[in-house]
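>>> coordinates only, sequence not included:
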DNA sequence: AATAGTGTGTATCAAAAGATACTTATCTCA
DNA sequence: TGAGATAAGTATCTTTTGATACACACTATT
């Protein structure tokens, strides 16, 4: 179990001592295994999950295809849950644990209450809205304007930039899911990129050159 | 000029008297003509515009094409401005007045201050984030998954649903801009729909049947 | 009436993306 | 080691979307 000390070392956003006390008073802790589905489209949520450790993947689904909305990492919460919890509305996306994750769970009604009491909480909420919105806007612009081969390139370079390793451990199928297309399309594009010496392809990972 | 009375008849979201006093104290009023560009991509905004009367169109641009993000009508504010003003960040979209509009303009720094003081203001802000996010998510899903002819149909039926007239006064070119494609594509689809007896086409407007 | 601007119809061609099907390689684990 | 699952390569075909070009109709203005 987390001690107070450890927890707020990780959740740096919540600096106010009173807020910390409140969180400890009301929060439950949840451990999710890799692959656990935490949020389903259409589901009503009356809680807000804040990731302590691990990674959640939030995506939309449409019959056979799916597309990534965003990841939720440590110190972050999920837009879907926030909207859903705040407005008593159902979720419009799915959330799944990508890694074994540890999650702090708060009752929904506290979101609004704390917003008026704790500036750092308010900032956290607004920050979540803003950054998720920006991400989505970005993705939207890409989908609307950029051909897939460009989106593939951007995905890979973005990944490498964040991880500072040029090996991206992802299968063609998974990459297709991230970008909302099909495996064959991705394989074709990657092969083309390999011929242009932009990448090297291996089973299970892609090495970005340049 | 607006009197207090008239103004808050229109801006029903701001119910608290103290908030109303504050708004009147700090707000400036702006009249925009049809076609006036109010927000440009890349621009820093240190104010928050709230529409009293009229309509703003917020869109993204990419070289030759553009795509609609959302409209801002009376009692609403613009997500771009909100993000931009709140976080001292530049706008990532463009805003143009579609009609002669009257706009209330507030200094950016008040957004955060009032959020802690006035629950109705806080609700307004959060509501803006949520509804804009939902709209965008919706649009994103459409662009990612739905072929254009479906998006055209949905645009038209959505329009009719809101306006309760089955005549949609829009040119093919403008419709193309709304959906992020080109005029020829739209004309082609509409002609096809006409042959399927779904619409009747006229110069400058489209009549939706069914 | 002449003209310019806008709106629409449509043909042709090209490119992008997706569907399907089959093959081969690699991994995992009983 | 052998079966099943997963990953990847590729060929073929179709559909969707976009680009370009041109014709024609309507509108507004002079």
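Looks like it came in fine. What you see is a predicted model; the values in this text were computed from it and never measured.

>>> Name the secondary structure element that contains the residue nearest to the spatial centre of chain A.
Among the residues of chain A, the one closest to the centroid is residue A:71, at 1.2 Å (CA atoms, centre = their mean). Taking DSSP states H and E as the criterion, residue A:71 maps to strand A:65-72.

>>> and if you look at residue A:160?
Counting by DSSP H and E, residue A:160 is part of helix A:148-163.

>>> wait, does that helix contact DNA strand D?
No: contact between helix A:148-163 and DNA strand D is absent, the nearest approach being 12.0 Å (criterion: CB under 7 Å from any atom of the strand). Quick note: C-beta positions are derived from backbone N, CA and C, even for glycine.

>>> for that helix, packing partners?
Other helices and strands packing on helix A:148-163, by 3 or more CB pairs under 8 Å, 6 or more residues apart in numbering or on different chains; DSSP states H and E, are helix A:119-145, strand A:167-168, helix A:172-179, helix A:183-195, strand A:205-208.

>>> hmm, back to that, tell me what the residue nearest to the centre of chain A is bridged to.
For residue A:71, the beta-bridge partners are residue A:57 (DSSP bridges).

>>> Identify the residues contacting it.
For residue A:71, the contacting residues are A:55-58, A:98, by CB atoms under 8 Å, 6 or more residues apart in numbering or on different chains.

>>> Adding distance to residue B:47 and neighbour count as columns, could you present those residues in JSON lines?
As requested, these are arranged in JSON lines below (distance: CB to CB, whole Å; neighbours: other CB atoms under 10 Å in any protein chain shown):
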{"residue": "A:55", "distance to residue B:47": "38", "neighbour count": "17"}
{"residue": "A:56", "distance to residue B:47": "36", "neighbour count": "25"}
{"residue": "A:57", "distance to residue B:47": "37", "neighbour count": "19"}
{"residue": "A:58", "distance to residue B:47": "33", "neighbour count": "21"}
{"residue": "A:98", "distance to residue B:47": "40", "neighbour count": "16"}
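
>>> which regions of chain A sit below the pLDDT cut-off?
Along chain A, the parts satisfying pLDDT under 70 run over A:1-5.

>>> Pop the domain breakdown of it in here.
Chain A breaks down into these domains under automatic domain parsing: A:4-141, A:148-208.

>>> what's the closest of the ones you listed to residue B:153?
Residue B:153 lies closest to domain A:4-141 among these, at 16.5 Å (CB to CB).

>>> on that earlier part again, and the domains of chain A, which is most packed in?
domain A:4-141 (a mean of 18; mean count of other CB atoms under 10 Å in any protein chain shown).

>>> how distant is it from the center of its chain?
Put simply, domain A:4-141 sits 9 Å off its chain's centre (CA atoms, centre = their mean, to the nearest Å).

>>> does residue A:143 really touch residue B:140, like I thought?
Yes: counting by CB atoms under 8 Å, residue A:143 does reach residue B:140; the two are 6.7 Å apart.

>>> Pairing partners for residue A:47 in the sheet, please.
Under the criterion used (DSSP bridges), residue A:47 bridges to residue A:107.

>>> That one contacts residue A:82, correct?
No: in this structure residue A:47 lies outside contact range of residue A:82 using CB under 8 Å: 10.7 Å.

>>> For residue A:53, give its distance to residue A:103.
Separation of residue A:53 from residue A:103 (CB to CB, to the nearest Å): 9 Å.

>>> who's in contact with residue A:16?
A:118-121.

>>> how does it look with 6 Å?
Going by CB atoms under 6 Å, 6 or more residues apart in numbering or on different chains, residue A:16 touches A:118, A:120.

>>> Next: residue A:168.
Per CB under 6 Å, 6+ apart, neighbours of residue A:168: A:156, A:159, A:206.

>>> Against residue A:31, how distant is it?
From residue A:168 to residue A:31 the distance is 28 Å (CB to CB).

>>> what does residue A:82 give?
Taking CB to CB as the measure, residue A:82 falls 21 Å from residue A:31.

>>> anything in the helix holding residue A:160 near DNA strand C?
Yes: on the criterion CB under 7 Å from any atom of the strand, helix A:148-163 is in touch with DNA strand C at A:148-149.

>>> Same question for stretch A:197-207.
Yes: against DNA strand C, stretch A:197-207 shows contacts by CB under 7 Å from any atom of the strand at A:203-204.

>>> and that stretch with DNA strand D, contact?
Yes: counting by CB under 7 Å from any atom of the strand, DNA strand D has neighbours in stretch A:197-207: A:201-205.

>>> In those, find the pair that's most separated.
Across the residues of stretch A:197-207 next to DNA strand D (CB to CB), the longest gap, 10.0 Å, separates A:201 and A:204.

>>> Get me the contact residues on chain A for DNA strand D.
A:171-174, A:183-184, A:187-188, A:190-191, A:194, A:201-205.

>>> wait, which of these is closest to residue A:24?
For the residues of chain A next to DNA strand D, the nearest to residue A:24 is residue A:174 (37.3 Å; CB to CB).

>>> for residue A:151, what are its contacts?
A:142, A:179.

>>> Roughly how far does it sit from residue A:179?
Residue A:151 is 6 Å from residue A:179, by CB to CB.

>>> likewise residue A:66?
10 Å.

>>> What of residue A:75?
As judged by CB to CB, residue A:75 and residue A:179 stand 26 Å apart.
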